[in-house]
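> Let's see this in three dimensions:
(one chain, ligands or ions: 1)
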Amino acid sequence: MDFENLLYNCNEGIATLYINRPKALNALNAATIRELISAFTRIGADAEVKLVILTGSGEKAFVAGADISEMQPLDAITGRQFALLGHQLAALIEELPKPVIAAVNGFALGGGCELALCCDIRLASDNARFGQPEVNLGVIPGFGGTQRLARLIGKGRASELIMTGDMVDAAEAYRIGLVNKVYPAAELLAAAQKMAQKIASKGPVAVGLAKAALRDGLETDLTRACAREADLFGLCFATADQKEGMQAFLEKRPAQFAGK
Ligand code: DAK
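The predicted structure follows:
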């Protein structure tokens, strides 16, 4: 894939996507969001890709927010268009039937923190810093931050971050459940790849259905969520991977999943 603001590579089913605007600390302008939409659409259609690692180029930032110079002149109409573009990207990531790991390698502010929140798992470097500083700019988070952050870390903690605009370091982000694990900066990508390899060795259809159950369940009450889980659990039994996974266990050998 060839992009202006992204770098892409794929090895053994694991795609790594870098947001690559290091001079602006990888801030998201509309062109970059469009490229991310294009990249995730193609990844969704590419049977070779089992999993995505999303990270930032350079050593300083994952994404330092939406591009402030591009946002400053927006009006109500173009602001809404920008928001809708962001929601299109968020939906693509969340509905992708493949896991997306955010490897947060520095600042994840505003839209950068929100982008990480759209991912399934967040790993951070020890120099990462998280925040929703939109109130400093006279706006509120517009890329789902008020919703996803509260769902992940609770309303009280989300309110504090969003209303103060304060940043938290990686250790605090770990303590409040914003990230799953923290690594020395030089080890972050290798750690993300190791986790990706482990997930990629599992039944890909099951991993995708687990993602759907987790996502859909959080949007509804427990009774309906468990019913959704039951439907998806039942669907697993229509797959060759289920037969193979259980047969392999019974034969005491590693499973060879075909992703069907
Ligand atoms: N936008 C544009 N340029 C940015 C930027 C940003 N968000 N963040 C940094 N830069 C640029 C700086 O202007 C500077 O450019 P030059 O002056 O060199 O040309 C360069 O990156 C290096 O930044 P600094 O010189 O400021 O570096 P420092 O180490 O001193 O400070 C910093 C790093 C991250 C603390 C600082 O740059 C900073 O505070 N940046 C702004 C952070 C911020 O407020 N981010 C939130 C923006 S509001 C949506 C998507 C997203 C959003 C809403 C909707 N849709 C798609 C629906 C979210 C809104 C936001 O993210």
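
> Would you mind naming what in this structure lies close to the ligand?
24-25, 27-28, 33, 64-69, 82-83, 85-86, 107, 109-111, 114, 133-134, 137, 142-143 (C-beta under 6 Å from any ligand atom). Bear in mind the C-beta positions are built from the backbone N, C-alpha and C, glycine included.

> Inside strands: which ones of those?
107, 109 (DSSP state E).

> Show the buried residues in the residues of the chain next to the ligand.
Those of the residues of the chain next to the ligand that meet the buried threshold are 24-25, 27-28, 33, 64-67, 82, 85-86, 107, 109-111, 114, 133-134, 142-143, by 16 or more other C-beta atoms under 10 Å.

> And the helices in the protein?
Taking DSSP state H to define them, one finds helices in the chain at 30-45, 68-71, 76-95, 111-118, 145-153, 155-164, 170-175, 188-200, 204-217, 222-236, 240-250.

> Kindly export the last one (C-alpha atoms) in PDB.
Provided in PDB are the C-alpha atoms of helix 240-250 (Å, rounded to 0.1, in the frame of the first residue of the first chain):
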ATOM      1  CA  ALA A 240     -13.900 -26.000  10.200                       C
ATOM      2  CA  ASP A 241     -11.700 -24.300  12.800                       C
ATOM      3  CA  GLN A 242     -13.900 -25.500  15.600                       C
ATOM      4  CA  LYS A 243     -13.700 -29.100  14.400                       C
ATOM      5  CA  GLU A 244     -10.000 -28.800  13.900                       C
ATOM      6  CA  GLY A 245      -9.400 -27.100  17.200                       C
ATOM      7  CA  MET A 246     -11.200 -29.600  19.300                       C
ATOM      8  CA  GLN A 247      -9.900 -32.600  17.200                       C
ATOM      9  CA  ALA A 248      -6.400 -31.400  17.700                       C
ATOM     10  CA  PHE A 249      -6.900 -31.200  21.500                       C
ATOM     11  CA  LEU A 250      -8.200 -34.700  21.500                       C
END
